[in-house]
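Colleague: Any chance you could fold what I've pasted below:
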Amino acid sequence: MKFLPAQFIYRLICCAPCVLAAGTGFAQSPRVPTPPPAFPQPILPRPASPAAAAPSPAPAPRAGQRSVDRIVAVVNDEVVTANELRSRAQVAEMQLRRQKIQPPPFDVLERQVLERMIVDRAQMQLARETGVRVDDATVNATLGRVAESNGLTVQTLRQRLEADGVSFAQFRDDIRQ
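Modeller: This next block holds a predicted model:
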């Protein structure tokens, strides 16, 4: 019987309830809790009418400027950013639409994608800590099976992914993980 390092067991014991609690909270909560802003916000009086309460869209960044990303989740020592989450949610929405499935409202889809990203990061960390490695031959075989199950060749799969705005390198990395 192989014993796990104490640090791993400690992380597993400490983090498992958090991941489970986060998943339970997402399943029960109808809205996504937002983390505190990175910069202090001034306290403004409440608007008198609901129409006035609607948030105005954030101004687009000027040429040469970038919008500031924010952290939406922390998994041990890794972060999930809002840009990563938004990108993955958009890809998921596109895939659902391509399969002729009506996607849920975007905020619900984002919550589901975030939950999946948290679980994936925790699993990847566990795999790294325990020394699990996936070689290129296994990734290539999996790519072949994915293409075949969709009635495509690997090259056609690559072209479709690129046409949908998904880089093939990122897709390979996702499969490896």
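Colleague: quick one, domains of this protein?
Modeller: 1-31+68-132, 134-177 (automatic domain parsing).
Colleague: now those in CSV, with mean neighbour count?
Modeller: Heads up, the C-betas are built off the backbone N, CA and C, glycines and all. What follows is the domains of the chain, written out as CSV (neighbours: other Cβ atoms under 10 Å):
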stretch, mean neighbour count
domain 1-31+68-132, 13
domain 134-177, 13
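Colleague: lowest-confidence stretch among those?
Modeller: The weakest mean pLDDT among the domains of the chain belongs to domain 1-31+68-132, with a mean of 78.
Colleague: Distance across stretch 161-174, terminal residue to terminal residue?
Modeller: Terminal residues of stretch 161-174 are spaced 13 Å apart (Cα to Cα, to the nearest Å).
Colleague: Give me the contact list for that stretch.
Modeller: 91, 94, 98, 139, 143, 158 (Cβ atoms under 8 Å, 6 or more residues apart in numbering).
Colleague: Pop out the phi and psi values for the third one.
Modeller: Meaning residue 98. Note on residue 98: backbone dihedrals following degrees, to the nearest 10 are phi -60, psi -30.
Colleague: need the contact list for it.
Modeller: Residue 98 makes contacts with residue 164, as judged by Cβ under 8 Å, 6+ apart.
Colleague: Surely residue 173 forms part of a strand?
Modeller: No. Counting by DSSP: H, G, I helix; E, B strand; the rest coil, one finds residue 173 to be helix, located in no strand.
Colleague: Let the chain start at 365 from now.
Modeller: Will do, 365 is the new start, and the previous item becomes residue 537.
Colleague: What's the separation between it and residue 472?
Modeller: Per Cβ to Cβ, to the nearest Å, residue 537 is found 26 Å from residue 472.
Colleague: In this structure residue 437 contacts residue 483, no?
Modeller: No. With contacts counted by Cβ atoms under 8 Å, residue 437 stays clear of residue 483, the gap being 10.8 Å.
Colleague: which ones among the contacts of stretch 525-538 are found in helices?
Modeller: Among the contacts of stretch 525-538, the members found in helices (DSSP state H) are 455, 458, 462, 503, 507, 522.
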